[in-house]
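**Q** quick one, what's the 3D model for this:
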Amino acid sequence: MSESSESEAKRQRLRILSLTVLSLVGTVLIIAGVAVSWQRTLIPGAFGGTVRNIVAFEVDQPGVDDWVSLSIDDREITTGNDALMCLREGSTATKTSFSRQVHVDGATCELPFPRQAVSDTIVPLLLAGILSSIVLSKRRHRNVPGGDS
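**A** Got it, this is the predicted structure:
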């Protein structure tokens, strides 16, 4: 094997290693972003008790990305403004983990799917899929006789 062939083989291994590390770091960041985004909703958590201290905060786009701080018994919760669809000051509310149904003073209220969390889940997955298909198509093209190297 010639020196240039060995050098090319090393470069190829380094390129594959770099892409693998980059892919793993990207995957970890996507998973962390999705987890944080869903954690900011009421859906993953369970709670039960009396709702107190509801404070709504408007931010850059009023009505779109507002958030709410509230207490249920002694537990402080920060969530999106969709919580106000179901929860009222002084009401008794219960909810099981990973459910959209909140039982408030004996009535059932269904939380909407949180738009931000859904888009924070779908968009990175779509981008990762597009990027993967581009990388794989270039790799297939490179392996075809007469393809670019």
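**Q** okay, CA-based contacts and neighbour counts for the rest of this
**A** Fine.
**Q** beyond the longest strand along the chain, next helix or strand please.
**A** If you go by DSSP state E, the chain has its longest strand at strand 47-57. Counting by DSSP states H and E, the next helix or strand C-terminal to strand 47-57 is strand 67-72.
**Q** strands paired with that following strand, and their directions?
**A** Strand pairing for strand 67-72, using DSSP bridges, gives strand 47-57 (antiparallel), strand 75-80 (antiparallel).
**Q** what sits closest to the residue nearest the centre of the chain if chain neighbours are left out?
**A** Against the mean C-alpha coordinate of the chain, by C-alpha atoms, centre = their mean, the closest residue is residue 34 at 1.6 Å. Closest residue to residue 34 apart from its sequence neighbours, by C-alpha to C-alpha, 6 or more residues apart in numbering: residue 121 at 5.5 Å.
**Q** and the lowest-mean-pLDDT helix or strand in the chain, what does it pack onto?
**A** When each helix and strand of the chain is scored by mean pLDDT, DSSP states H and E, helix 115-143 comes last, with a mean of 77. Helices and strands touching helix 115-143, by 3 or more C-alpha pairs under 8 Å, 6 or more residues apart in numbering; DSSP states H and E, are helix 3-39.
**Q** quick check: angle from the helix it packs on to helix 115-143?
**A** Computed by axes from the mean of the first three to the mean of the last three C-alpha atoms, to 10 degrees, the angle separating helix 3-39 from helix 115-143 equals 170 degrees.
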